[in-house]
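Student: Pasted the sequence and its predicted model underneath.
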Amino acid sequence: MKTYVLIISEYFPKSHIRSGELTNFIPSIKLGIKKHTIRSNFQLWEKRFEEIKKGNACISVRSWIGKPYKSKQKEHIVLTDLDGIGIEKVTISLNVQRVLIFKDKIPIKTLPIKELSKNDGLVDTDFVDWFKGVLPITEMAIIHFTKFRYLK
């Protein structure tokens, strides 16, 4: 079985206002509080989820033991299609504090940043600060750790 690695930050990055503080993402994923993570490379993850749906791949949720990219990784959770994981496409517009969720390249649902950030394990101010240097990026991937989806 193919394994796709998904690195989750245990600490807020240097660019964040809370730099160095614990994110508590790993325990939050295990408790079902952090329902998803957001990545900028939707097309890559979409292809990976095709393999996962077929039962040919899984996701290994990991974190860095020390400095990012300069240390070993620790595996926390392995997720398969049986766990209900999934993917949705999103476009985030921080200037208007809204999020568009897409299905088949069509925007279907709009929701406030506050809702998306809560399900991502952050308060909205931390969420906005986390993504401030990255956005706007179109076609971001929401990678769900549970059966929860914005589009039913």
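Tutor: It's in. Numbering: from 1, shown residues only.
Student: Would you enumerate the residues in contact with the nearest residue to residue 48 once chain neighbours are set aside?
Tutor: Setting aside the residues directly before and after it, residue 48 is nearest to residue 4 in space (CB to CB, 6 or more residues apart in numbering), at 5.0 Å. All C-beta atoms are positioned from the backbone trio N, CA, C, and that covers glycine. Contact analysis of residue 4 by CB atoms under 8 Å, 6 or more residues apart in numbering lists 48, 51-52, 57-60.
Student: for residue 133, same thing?
Tutor: Residue 133 touches residue 15, counting by CB under 8 Å, 6+ apart.
Student: thinking again about what came up before, where's the residue nearest to residue 48, which helix or strand?
Tutor: Following DSSP states H and E, one finds residue 4 within strand 2-7.
Student: all strands of the protein, in order?
Tutor: For the chain, applying DSSP state E gives strands covering 2-7, 36-39, 57-64, 73-79, 86-93, 98-103, 106-112, 140-144.
Student: Could you give me the buried positions within the third one?
Tutor: It stands for strand 57-64. Across strand 57-64, burial judged by 16 or more other CB atoms under 10 Å covers 57-59, 61-64.
Student: cool, and the fifth one?
Tutor: Within strand 86-93, the residues that qualify as buried are 86-92, counting by 16+ other CB under 10 Å.
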